[in-house]
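K.L.:
got a predicted structure plus its sequence, pasted below:
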Amino acid sequence: ILNVEQSPQSLHVQEGDSTNFTCSFPSSNFYALHWYRWETAKSPEALFVMTLNGDEKKKGRISATLNTKEGYSYLYIKGSQPEDSATYLCAFEYGGATNKLIFGTGTLLAVQP
Amino acid sequence: NAGVTQTPKFQVLKTGQSMTLQCAQDMNHNSMYWYRQDPGMGLRLIYYSASEGTTDKGEVPNGYNVSRLNKREFSLRLESAAPSQTSVYFCASSGRSRETQYFGPGTRLLVL
């Protein structure tokens, strides 16, 4: 059974704090690792798709790293803002052409002004 | 460009009733997916369609059927709804592997 774990489950930070979350995934049959941002009452929106060991991706204040050999990815948010409040999901894409994803349960981030 | 659209947005059913959730995408994607999202659990794949004319089971297919009507449309049918199928259902589409999946706005279903 393929399992994707995210930690912490939830996080409360102050505006301006930097923070990071972890996604753990199987180290075999790796195809890609996806990060999504999910705001309440909306649908998940893509942040990154990471495919190579050692990948680092950045979008504004958000960045992510990938270690496929040990099966983890970190998502970093620098200088958190209230609008960063959301659930951050990671999803493990496993081998094959079907783009099937196994999702973690997410990290809920609340940024207090 | 509407992206991925879903209808209805919200539905209440009685146990045993049937209904079809509709999904359409206008991005010319080959692959389409149906997920359900329940509290404390990640998005779980119900069925997917890798291309027009093909469908396959995901992680939690029991109680559901799907139809890939054409490249644009992928519907999910509940033949005899059960309270355990109360959930939020998301449709998604993607071009190919290692590409982002784009999600619809979701359908909130309550089965009494």
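P.N.:
Sure, I can see it.
K.L.:
when you work out contacts or count neighbours from here on, use the C-alpha atoms and nothing else.
P.N.:
OK.
K.L.:
for residue B:13, name its beta-bridge partners.
P.N.:
Beta-bridge partners recorded for residue B:13 (DSSP bridges): residue B:111.
K.L.:
surely it meets residue B:81?
P.N.:
Yes. Counting by C-alpha atoms under 8 Å, residue B:81 is a contact partner of residue B:13 at 7.3 Å.
K.L.:
please identify which of the two sits among more neighbours.
P.N.:
residue B:81 (21 against 17; other C-alpha atoms under 10 Å in any protein chain shown).
K.L.:
so what pLDDT did that one get?
P.N.:
The model reports residue B:81 with a pLDDT of 96.
K.L.:
between residue B:13 and residue B:81, what contacts are shared?
P.N.:
Common neighbours of residue B:13 and residue B:81 (criterion: C-alpha atoms under 8 Å, 6 or more residues apart in numbering or on different chains): residue B:111.
K.L.:
between the two ends of stretch B:46-57, how far is it?
P.N.:
Terminal residues of stretch B:46-57 are spaced 6 Å apart (C-alpha to C-alpha, to the nearest Å).
K.L.:
chain B contacts on chain A?
P.N.:
A:31-32, A:34, A:42-46, A:48-49, A:51, A:93, A:96-99, A:101-106 (C-alpha under 8 Å from any C-alpha of the partner chain).
K.L.:
drop anything exposed from the residues you listed.
P.N.:
A:31-32, A:34, A:43-46, A:48-49, A:51, A:93, A:98-99, A:101-106 (16 or more other C-alpha atoms under 10 Å in any protein chain shown).
K.L.:
for residue B:85, give me its contacts.
P.N.:
Going by C-alpha under 8 Å, 6+ apart, residue B:85 touches B:109-111.
K.L.:
which of those lies closest to chain A?
P.N.:
residue B:109 (14.2 Å; C-alpha to the nearest C-alpha).
K.L.:
what strand or helix carries that closest one?
P.N.:
strand B:107-111 (DSSP states H and E).
K.L.:
quick one: contacts of that strand?
P.N.:
Contacts for strand B:107-111 (C-alpha under 8 Å, 6+ apart): B:6-15, B:21, B:81-90.
K.L.:
show me where chain B dips below the pLDDT cut-off.
P.N.:
B:1 (pLDDT under 70).
K.L.:
can you do 80?
P.N.:
B:1-2 (pLDDT under 80).
K.L.:
any idea which residue sits dead centre in it?
P.N.:
residue B:34 (2.9 Å; C-alpha atoms, centre = their mean).
K.L.:
list the contacts of it.
P.N.:
With the criterion set at C-alpha under 8 Å, 6+ apart, residue B:34 makes contact with B:45-48, B:76, B:89-92.
K.L.:
of all those residues, which two lie farthest apart?
P.N.:
The most widely separated members of the contacts of residue B:34, counting by C-alpha to C-alpha, are B:48 and B:89 (13.2 Å).
K.L.:
hmm, back to that, need the contacts of residue B:85 in CSV with neighbour count, can you?
P.N.:
Output for these, formatted as CSV (neighbours: other C-alpha atoms under 10 Å in any protein chain shown):
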residue, neighbour count
B:109, 19
B:110, 19
B:111, 17
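K.L.:
tell me which of those residues is nearest to residue B:65?
P.N.:
residue B:109 (16.0 Å).
K.L.:
how about the closest one: what's its closest non-neighbour residue?
P.N.:
Spatially, and ignoring its direct neighbours in sequence, residue B:109 is nearest to residue B:11 (5.0 Å; C-alpha to C-alpha, 6 or more residues apart in numbering or on different chains).
K.L.:
just the pLDDT for the closest residue to residue A:32 other than its chain neighbours.
P.N.:
In space, and not counting its chain neighbours, residue A:32 is closest to residue A:51: 4.5 Å by C-alpha to C-alpha, 6+ apart. Among the per-residue scores, residue A:51 shows a pLDDT of 94.
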